[in-house]
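**Q** this is the structure alone, sequence omitted:
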């Protein structure tokens, strides 16, 4: 800052006449963005996961209930039987642990898709709680929130919106060409300028 007539004038404004204004050019660059998994890819992964959870239930949980003499089909409380409550806990635990530890369930592994946070940080337990427990419980109960993946730009279902996550293809990317403004150095020529 310089002082002139008892007024302060920024030094950059005082020396503006000595320097030329910076020049810019538009440069075309290519970016590789994650390819989001669509509704049908996620649907088939979910079906595979349901088969796995049902198999675990049939092999482990049902025999335990039969041996213990608990009812499997008659609901006791709000249309939930003890068996259905255990099955729901198994379902939510499977999705939560697989997603937290591996970033994908077995169905997603088979189809080559995974869950990521949109801010590209590792998945946290808080994110898993919102996505795989609260969000998935609501989605499983109502079924309609799964259909959001058809209409959303990043193909998110309701539980993705809760947790700020997305499901992407592991080995596929979308190539996008964008124009970026960059400053041209003093001795550098503009790319579009004719050569003399």
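**A** Received the coordinates, thanks. Quantities reported herein were computed from a predicted structural model and do not represent experimental measurements.
**Q** for residue 132, what are its contacts?
**A** Residues near residue 132 by C-beta atoms under 8 Å, 6 or more residues apart in numbering: 92, 95, 96, 99, 100, 159. Every residue, glycine included, has its C-beta placed from N, CA and C.
**Q** which one is the fifth one nearest to, not counting chain neighbours?
**A** Yep, that's residue 100 we're talking about. Nearest non-adjacent residue to residue 100, counting by C-beta to C-beta, 6 or more residues apart in numbering: residue 128, 4.7 Å away.
**Q** make sure the one you found is actually in contact with residue 93.
**A** No - counting by C-beta atoms under 8 Å, residue 128 does not reach residue 93; the two are 11.0 Å apart.
**Q** ok, back up a step: any chance of the contacts of residue 132 in JSON lines, plus pLDDT, distance to residue 21 and neighbour count?
**A** Output for these, formatted as JSON lines (pLDDT from 0 to 100; distance: C-beta to C-beta, whole Å; neighbours: other C-beta atoms under 10 Å):
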{"residue": "92", "pLDDT": "90", "distance to residue 21": "60", "neighbour count": "17"}
{"residue": "95", "pLDDT": "93", "distance to residue 21": "57", "neighbour count": "23"}
{"residue": "96", "pLDDT": "93", "distance to residue 21": "56", "neighbour count": "18"}
{"residue": "99", "pLDDT": "93", "distance to residue 21": "52", "neighbour count": "22"}
{"residue": "100", "pLDDT": "93", "distance to residue 21": "53", "neighbour count": "18"}
{"residue": "159", "pLDDT": "85", "distance to residue 21": "51", "neighbour count": "24"}
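**Q** strands - which of those residues land there?
**A** Judged by DSSP state E, strands contain none of the contacts of residue 132.
**Q** which residue ranges of the chain form strands?
**A** Along the chain, counting by DSSP E, strands occupy 2-4, 7-9, 23-36, 113-117, 165-184.
**Q** which helices and strands sit right next to the top helix by length along the chain?
**A** In the chain, assigned by DSSP state H, the helix with the most residues is helix 82-102. In this structure, helix 82-102 packs against helix 39-56, helix 62-68, helix 125-128, helix 136-142, with contacts taken as 3 or more C-beta pairs under 8 Å, 6 or more residues apart in numbering; DSSP states H and E.
**Q** for it, buried residues please.
**A** The neighbour-count check on helix 82-102 (16 or more other C-beta atoms under 10 Å) flags 82-83, 86-87, 90-92, 94-96, 98-100 as buried.
**Q** neighbouring contacts of it?
**A** 49, 52-53, 56-57, 61-62, 65, 70-73, 75-76, 80, 104-106, 109, 115, 123, 125, 128-129, 131-133, 136-137, 140.
**Q** list buried residues within the residues you listed.
**A** Buried by 16+ other C-beta under 10 Å: 49, 53, 57, 61-62, 65, 104-106, 109, 115, 123, 128, 131-133, 136, 140, out of the contacts of helix 82-102.
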